[in-house]
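Q: Dropping a prediction and its sequence here:
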Amino acid sequence: MRTIELSDKSVNLHHELKASTQAIHEQLHTNPTMLPLLSPQCTLEQYKRVLACFYTYYHWAESLQTEAEQSKFSLEANVCEWLQADISAMKMNNLQLQGFVAEMRAQCLDDSSLVPHSGFEQYLGFLYVKQGSLLGGQVIASFLNKSLHLVPGQNLFLFSGYQKKSKAMWQQFLMYLEACSDQVDRHVVIESALGHFHVLKQILDTAYQKRNDYVF
């Protein structure tokens, strides 16, 4: 695992997370699996491939979240439910999807040591990745509306997220994060967020390499 030099507690945890994850976050923006979503020429199959990646990642990541002593974020996004709605709306091939999930798990997840597998700090790091992705999702949703004519709340769910409430929900999360910040080891929270970003990137990278192997 990487060694991170922190931490002046006068600097809030959000700023530490943002600074520490900036590089990997930017890599995701230019990832070849994700990039087509921001193109007017995005195809339905490219979009479905991204859904398959997020389906794989989120079902794995959510399985790591155990009941912790501290209170969980009450407004936490139900991304797995949104993903299932997207998959149903796109009429994705379930056999292809499950085959893809199995291969991604074998190649990227089964032996993954990037993420600490338990504890409240791991949960906070994951939550930072999950809740933050919903802000960027608003930009993607706008492009998908133009390229594939998908409509938030009708046949576009994950990337439209909270829709008009997205910024307000992010602010609610930041308040929750700071309320927890003095109770946790910040190093571990940041390691968790970095690990989750790297696992997602690994899935997206592998999906690009396997892009001709599955038709969703």
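A: Now that the structure is in, tell me what you want to look at. Numbering: from 1, shown residues only.

Q: so who does Y57 touch?
A: Y57 makes contact with V199, L200, I203 under the criterion Cβ atoms under 8 Å, 6 or more residues apart in numbering. Bear in mind the C-beta positions are built from the backbone N, C-alpha and C, glycine included.

Q: tell me the SS of it?
A: Here Y57 takes the helix state, with states given by DSSP: H, G, I helix; E, B strand; the rest coil.

Q: now it: how far from S192?
A: From Y57 over to S192 the distance is 14 Å, taken as Cβ to Cβ, to the nearest Å.

Q: try T206
A: The gap separating T206 from S192 is 21 Å, by Cβ to Cβ.

Q: Among these two, which residue is more densely surrounded?
A: For T206 versus S192, neighbours defined as other Cβ atoms under 10 Å are more numerous around S192 (27 against 18).

Q: How much space separates the more buried one from K146?
A: Distance, S192 to K146, by Cβ to Cβ: 35 Å.

Q: ok now do the residue most central in space within the chain, which residues does it touch?
A: Among the residues of the chain, K130 comes closest to the average C-alpha position under Cα atoms, centre = their mean, at 4.7 Å. The neighbourhood of K130, defined by Cβ under 8 Å, 6+ apart, consists of Y58, A61, E76, A77, V79.

Q: just the buried members of those residues?
A: With burial judged by 16 or more other Cβ atoms under 10 Å, the buried subset of these is Y58, A61, A77, V79.

Q: burial measure for N78, as a count.
A: A count of nearby residues for N78, using other Cβ under 10 Å, gives 10.

Q: So for the helix or strand hosting H187, what gets flagged as buried?
A: Taking DSSP states H and E as the definition, H187 sits inside helix 186-209. For helix 186-209, the neighbour count (16+ other Cβ under 10 Å) marks 186-207 as buried.

Q: now swap in stretch 16-30 and tell me
A: Buried residues in stretch 16-30, defined by neighbour count with 16+ other Cβ under 10 Å: E16, L17, S20, T21, I24, H25, L28.

Q: from memory the fourth one sits against F197, does it?
A: Yes. Using Cβ atoms under 8 Å, T21 is in contact with F197, at 5.8 Å.

Q: and the angle for the longest helix seen in the chain with helix 186-209?
A: In the chain, assigned by DSSP state H, the helix with the most residues is helix 120-147. Calculated by axes from the mean of the first three to the mean of the last three Cα atoms, to 10 degrees, helix 120-147 forms an angle of 40 degrees with helix 186-209.
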